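In: structural data only, the sequence is not supplied:
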Ligand code: ADP
Ligand code: MG
């Protein structure tokens with residue numbers, strides 16, 4: 001009999017996706033980001049199965065089985081299994097308290113759409129097992145080991161934002177996070193009479209993972225050049241516009257553009273956080289547009305589909321700003337739309353997008369929501 005039948009969970013964990021209002025690719029440059037969790041999430045149902053080290057995990061239509069011994073855990077050929085195995089590997093390095101368990105994973109979060117289903121998966125699993133076996137890990141431990149799992153088993157050299165946002169967010173707030181010090185401020189957010197509308201391009205160009213790692217290396221190259229004149233610069237977070245201008249002749253146009261984007265983007269995050277606190281939504285919207293221009297022209301991680309939707313929104317007075325969210329090359333575009341215009345805007349954007357690309361986009365509203373939480377426990 002399948003373990004799915006008569007499955008009575010001891011623990012149910014909800015692990016949300018996130019949007020990042022602004023601050024793209026700044027996290028691995030130790031800069032600033034402004035994310036929040038959203039209501040769309042991954043649900044984990046856990047139970048212990050009384051075995052010493054056997055576990056079964058169901059997701060995406062099938063069950064995988066593992067032996068919970070560190071020397072039995074190795075990378076899989078199947079991408080999604082590596083998120084799971086990576087987390088188990090990190091947990092087993094830290095504790096000997098894990099025992100056999102079963103888990104059913106169900107998700108309402110679009111996958112590969114820039115809403116960080118990956119961090120939701122890693123952090124939800126780590127959070128649930130921490131609770132189920134009383135491992136004594138802090139939220140920060142869960143964040144860090146999930147990030148490490150993605151580095152070592154999946155191979156994406158991600159920053160810390162996605163895991164941090166998935167675990168630490170609070171309902172009704174955005175998180176201003178300094179990715180160097182990890183100091184963070186919860187900023188209450190109200191953008192009435194506007195709403196945050198996501199338009200999912202439904203494209204996920206498979207450049208994303210390799211280009212992500214390439215961008216990281218390009219930024220490190222930029223840092224090395226700046227360091228020759230300014231040894232105190234440890235990451236692009238520490239570099240100023242004036243430093244970059246003084247070192248510009250030493251670097252290729254591509255490296256210059258990458259550095260230029262990150263330096264401006266860090267400033268934009270701080271300006272955007274202040275604009276939200278001052279309720280200056282017009283400025284906030286303009287900063288989103290500026291960010292997208294940089295994403296597209298300087299950092300070169302956009303795509304025709306995302307550019308189309310951002311350009312389309314500029315024709316509407318009822319949209320204050322828009323930009324592609326996430327690592328890039330498709331996924332979702334965030335739009336700040338007046339509440340009275342939402343339905344009409346979605347209708348017209350959907351038609352225009354279908355005419356241009358033959359794809360039916362998906363539209364939904366997002367609201368700042370709470371980070372990983374337990375919804376059921378016996
Ligand atoms: P994003 O994090 O923006 O959604 P990524 O490419 O970083 O995009 O991560 C998507 C990957 O995460 C999927 O290809 C899959 O391997 C894994 N994943 C996400 N959600 C699930 C899920 N519910 N079950 C299994 N694997 C998942
Ligand atoms: Mg991801």
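Out: Great, that's in hand. The model shown is predicted, which means the values in this text are computed figures rather than measured ones. Ligands and ions are numbered 1, 2, ... in the order given.
In: from now on I want contacts and neighbour counts done on CA atoms only, so please keep to that.
Out: Will do.
In: what distance do you get for the closest residue to ligand 1 within the stretch 201-350 of the chain to residue 334?
Out: Going by CA to the nearest ligand atom, ligand 1 is nearest to residue 326 of the stretch 201-350 of the chain, at 6.3 Å. The gap separating residue 326 from residue 334 is 10 Å, by CA to CA, to the nearest Å.
In: mind naming the longest strand for the protein?
Out: strand 35-48 (DSSP state E).
In: write out the residues of the protein neighbouring ligand 1.
Out: Proximity of the chain to ligand 1, by CA under 6 Å from any ligand atom, involves residues 59-60, 79-80, 106-107, 111-118, 121.
In: and the furthest pair within those?
Out: Distances among these were taken as CA to CA; the most separated pair is 59 and 114, at 19.8 Å.
In: which one's more surrounded, those two?
Out: The residue with more neighbours, out of residue 59 and residue 114, is residue 114; 25 against 15, by other CA atoms under 10 Å.
In: look up phi and psi at that one.
Out: Per-residue torsions, residue 114: phi 80, psi 10 (degrees, to the nearest 10).
In: do the same with residue 233
Out: phi -80, psi 110.
In: run through the residues that contact the nearest residue to residue 239 once chain neighbours are set aside.
Out: Excluding the flanking residues, the one nearest residue 239 by CA to CA, 6 or more residues apart in numbering is residue 233, at 6.0 Å. Contacts for residue 233 (CA atoms under 8 Å, 6 or more residues apart in numbering) come out as 223, 226, 227, 239.
In: are we agreed that residue 340 is in a strand?
Out: No: counting by DSSP: H, G, I helix; E, B strand; the rest coil, residue 340 is not part of a strand but helix.
In: distance check, it against ligand 2.
Out: The gap separating residue 340 from ligand 2 is 33 Å, by CA to the ion, to the nearest Å.
In: and the gap between that residue and residue 317?
Out: With distances taken as CA to CA, residue 340 is found 12 Å from residue 317.
In: up against ligand 2, what does this protein have?
Out: Taking CA under 5 Å from the ion as the criterion, the neighbours of ligand 2 within the chain are 116, 118.
In: which intervals of the protein have sub-threshold pLDDT?
Out: The chain contains residues with pLDDT under 70 at 1, 206-208.
In: tell me the domain boundaries of it?
Out: Using automatic domain parsing, the domains assigned to the chain come out as 2-189+370-377, 194-366.
In: quick check: chain neighbours aside, which residue is closest to whatever residue of the stretch 151-300 of the chain ends up closest to ligand 2?
Out: At 7.3 Å from ligand 2, residue 162 is the closest residue in the stretch 151-300 of the chain, using CA to the ion. Excluding its sequence neighbours, the residue lying closest to residue 162 (CA to CA, 6+ apart) is residue 119, at 5.8 Å.
In: helix or strand for that neighbour, which one?
Out: Using DSSP states H and E, residue 119 sits within helix 117-132.
In: compute the inter-axis angle for that helix and strand 35-48.
Out: In terms of direction (axes from the mean of the first three to the mean of the last three CA atoms, to 10 degrees), helix 117-132 departs from strand 35-48 by 50 degrees.
In: show me what helix 117-132 is packed up against.
Out: strand 11-20, strand 35-48, helix 79-94, helix 139-149, helix 161-168 (3 or more CA pairs under 8 Å, 6 or more residues apart in numbering; DSSP states H and E).
In: please repeat the previous calculation with a cut-off of 6 Å.
Out: strand 11-20 (3 or more CA pairs under 6 Å, 6 or more residues apart in numbering; DSSP states H and E).
In: in its sheet, what does the strand it packs on sit against?
Out: Its sheet considered, strand 11-20 pairs with strand 35-48 (antiparallel), strand 373-377 (antiparallel) by DSSP bridges.
In: strands along this protein, start to end?
Out: For the chain, the strands defined by DSSP E occupy 11-20, 32-33, 35-48, 54-59, 62-67, 101-107, 173-178, 184-188, 194-204, 319-324, 330-338, 362-366, 373-377.
In: make CSV out of the ones you listed and add distance to residue 136.
Out: As requested, the strands of the chain are exported to CSV (distance: least, CA to CA, whole Å):
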stretch, distance to residue 136
strand 11-20, 16
strand 32-33, 28
strand 35-48, 17
strand 54-59, 21
strand 62-67, 22
strand 101-107, 18
strand 173-178, 25
strand 184-188, 23
strand 194-204, 37
strand 319-324, 38
strand 330-338, 36
strand 362-366, 33
strand 373-377, 16
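In: show the end-to-end separation of stretch 274-290, please.
Out: 16 Å.
In: so how far is that stretch off the chain centroid?
Out: Here stretch 274-290 shows a centroid-to-chain-centroid distance of 21 Å under the convention CA atoms, centre = their mean, to the nearest Å.
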